[in-house]
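Novice: Starting from these lines, generate the structure:
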Amino acid sequence: MNIEQARFNMIEQQIRPWEVLDPQVLDLLFVVKREDFTPPAYRNLAFADMEIPLGGGQVMLAPKIEAKMLQELVLKKTDKVLEIGTGSGYMAALLAARAEHVVTVESRPELAATAKDNLERAGVANVTVEVGNGAEGWSQRGPYDAIVVSGSLPTLPASLLKQLRVGGRLAVVVGEAPVMEAQLITCTGEGIYNTVNLFETVIPALDGIETKASFTF
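Specialist: This next block holds a predicted model:
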């Protein structure tokens, strides 16, 4: 497999058509090596338009969803970012390249350890990996300029919004299959939030979230 050709194809055929046109985001996708954050067994699928299994029901999200979220957050070099659901550490590496510091919370110790190794190997020094349940955020390190949730939430906890600074942005997928909406929520003033629906999608629920019992017949 020609890795650089596969990376180029991912950007041109999956990500650009999804209206991800910010040149800084597109450039970053060339710089942060997605394959280095992909489990070895799936390395040849690193650039495919699909979720990649990380074990235990956890996944790396499809590249276009991560790129779109990154673009919509419009990060600045002075931003302090919270990521909930570290996974392999790839999204944290993308966020870290645009922000001052990233706190990323992973509920599974073994995934957190792998992500830490991946980030160290990639030379990413401005990410703190925390082990814990981030479903309600991570207030001890807040407030944040940006928050991104890497799994879906059935409803949005108010505690997450409270951890945004004024001007802060939250990128999150809300709802339950088959209807979920990716949203960008901006804190425009103390306790005032503006929500923009970005796109419809379905992604796995955030680890540790109780989904409502569905009826079985």
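Novice: Could you name the helices and strands sitting against the longest strand anywhere in the chain?
Specialist: Longest strand in the chain, counting residues (DSSP state E): strand 164-176. Judged by 3 or more C-beta pairs under 8 Å, 6 or more residues apart in numbering; DSSP states H and E, strand 164-176 is in contact with helix 63-73, strand 144-149, helix 158-162, strand 179-189. Glycine gets a C-beta too; all of them are placed from N, C-alpha and C.
Novice: Strand 179-189 and that strand, what's the angle between them?
Specialist: Interaxial angle of strand 164-176 relative to strand 179-189 (axes from the mean of the first three to the mean of the last three C-alpha atoms, to 10 degrees): 170 degrees.
Novice: Use 23 as the first number for this chain going forward.
Specialist: Renumbered: residue one is now 23, and that last one reads strand 186-198.
Novice: Which positions within strand 186-198 qualify as buried?
Specialist: Of all the residues in strand 186-198, those buried under the rule 16 or more other C-beta atoms under 10 Å are 186, 190-197.
Novice: just stretch 123-143 next, same as before
Specialist: Of the residues in stretch 123-143, those buried under the neighbour-count criterion (16+ other C-beta under 10 Å) are 123-130, 133-134, 136-138, 140-141.
Novice: Centre of the chain to the longest strand of the chain, how far?
Specialist: Computed by C-alpha atoms, centre = their mean, to the nearest Å, the separation of strand 186-198 from the middle of its chain amounts to 12 Å.
Novice: Give me the residues contacting that strand.
Specialist: By C-beta atoms under 8 Å, 6 or more residues apart in numbering, the list of residues contacting strand 186-198 from outside reads 91, 94-96, 165-171, 173-178, 182-183, 202-212, 220, 223, 225, 227, 233-234.
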